[in-house]
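Trainee: Need a 3D model of the following:
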Amino acid sequence: QVQLVESGGGLVQAGGSLRLSCAASGRTFSRYAMGWFRQVPGKEREFVAAISLSGGVTKYADSVKGRFTISRDNAQNTVLLQMNSLKPEDTAVYYCAARLRVLADSGYDYWGQGTQVTVSS
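Mentor: As a prediction, this is how the structure comes out:
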């Protein structure tokens, strides 16, 4: 199992940047593909970005492509989401998630508690 804790959310103006961090517990972090998701009240949770076990392959939702960058540090059991050129529609609770082995945009087994990102216009 793996436990996930997100940090780095906050309030930022449109056009600004934030970096989210997800710290994972356990000694098997490198066995998990990692993802970021977000959810707005009243809507389904949506995929944002994912990264493979080694970090060599990434995948992004079309809505964030070119603005967000996902990365990981297996030595530090950490995954990051660098968010640039933020828009008000990026406002949501952002969740870190993990699934064994295969990078995907769904089917994640472990979730963090979420961190709020608010982008003002």
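Trainee: Please enumerate the strands of this protein.
Mentor: 4-7, 10-13, 18-24, 32-39, 46-51, 58-60, 68-73, 78-83, 92-100, 110-111, 115-120 (DSSP state E).
Trainee: Show me which of the ones you listed has the highest average neighbour count.
Mentor: strand 32-39 (a mean of 24; mean count of other CB atoms under 10 Å). Any C-beta I mention is one placed from the backbone N, CA and C, and that applies to glycine too.
Trainee: Report the residue spans of this structure with pLDDT below the cut-off.
Mentor: In the predicted model of the chain, no residue satisfies pLDDT under 70.
Trainee: Next up, the contacts around A92.
Mentor: 38-40, 116-117 (CB atoms under 8 Å, 6 or more residues apart in numbering).
Trainee: Skip the chain neighbours and tell me the closest residue to it.
Mentor: If the residues on either side of it in the chain are set aside, A92 comes closest to R38, at 3.7 Å by CB to CB, 6 or more residues apart in numbering.
Trainee: Wait, the one you found touches C96, no?
Mentor: No. Because the distance of 10.7 Å does not satisfy CB atoms under 8 Å, R38 is recorded as not touching C96.
Trainee: residues contacting R101?
Mentor: If a contact means CB under 8 Å, 6+ apart, then R101 has 31-33, 53 as its contacts.
Trainee: biggest separation within those residues, which pair?
Mentor: The largest distance within those, taken as CB to CB, falls between R31 and A33 and amounts to 8.9 Å.
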